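S.K.: requesting a structural model of the entry that follows:
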Amino acid sequence: MTEVRIAAEPRTEFGKGAARRVRRAHKVPAVVYGHGTEPRHIALPGHDLMLALKTSNVLIELQIDGGIELTLPKSVQRDPIKGFLEHVDLVVVKRGEMVVVDVAIITEGTPIGGGVLEVIHATVPV
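M.R.: Prediction:
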């Protein structure tokens, strides 16, 4: 898995208006949760996060308040028209911990004999 290091800022304001102000500053609101910790609301640099999410199942090393958290993207919300990142949920993981990720199935070529290939599941949990 690929690892990317991103500096995060804690958020103290919540709600629609606060999220819009964060996005206007070219940042993405996010939530970090997992391993029995309280959810933490953060803001991530939009461009750095977008580049990191281009790699599937990327590990994101967050620098928050002088500490480092290793996270895995769980849910990514995008604007349906413009494609901008609107919100990201990140799950805390520990090194050496076994996690389940979805791997995309990519089919290539054409079926033999003019048949039709029907893909029931686009991803497989591994």
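S.K.: show me where this protein has strands.
M.R.: 3-7, 9-10, 27-34, 37-45, 59-64, 67-78, 85-92, 102-104, 123-125 (DSSP state E).
S.K.: need the winner for burial among the ones you listed.
M.R.: strand 27-34 (a mean of 21; mean count of other C-beta atoms under 10 Å). The C-beta positions use only the backbone N, C-alpha and C, and glycine is treated the same way.
S.K.: ok, and what's touching that one?
M.R.: Strand 27-34 is contacted by residues 8-9, 11, 18-19, 22-23, 39-46, 49, 62, 64, 69, 71, 85-93 when judged by C-beta atoms under 8 Å, 6 or more residues apart in numbering.
S.K.: run the last query once more with 7 Å
M.R.: 11, 19, 22, 39-46, 49, 62, 69, 71, 85, 87-92 (C-beta atoms under 7 Å, 6 or more residues apart in numbering).
S.K.: kindly report the same for stretch 108-118.
M.R.: residue 107.
S.K.: any idea how far apart the tips of it sit?
M.R.: 13 Å (C-alpha to C-alpha, to the nearest Å).
S.K.: same check on stretch 20-37?
M.R.: Start-to-end, stretch 20-37 (C-alpha to C-alpha) is 26 Å.
S.K.: with stretch 107-114 instead?
M.R.: 16 Å.
S.K.: residue farthest from the centroid of the protein?
M.R.: With distances taken as C-alpha atoms, centre = their mean, the residue sitting farthest from the centre of the chain turns out to be residue 113, at 40.6 Å.
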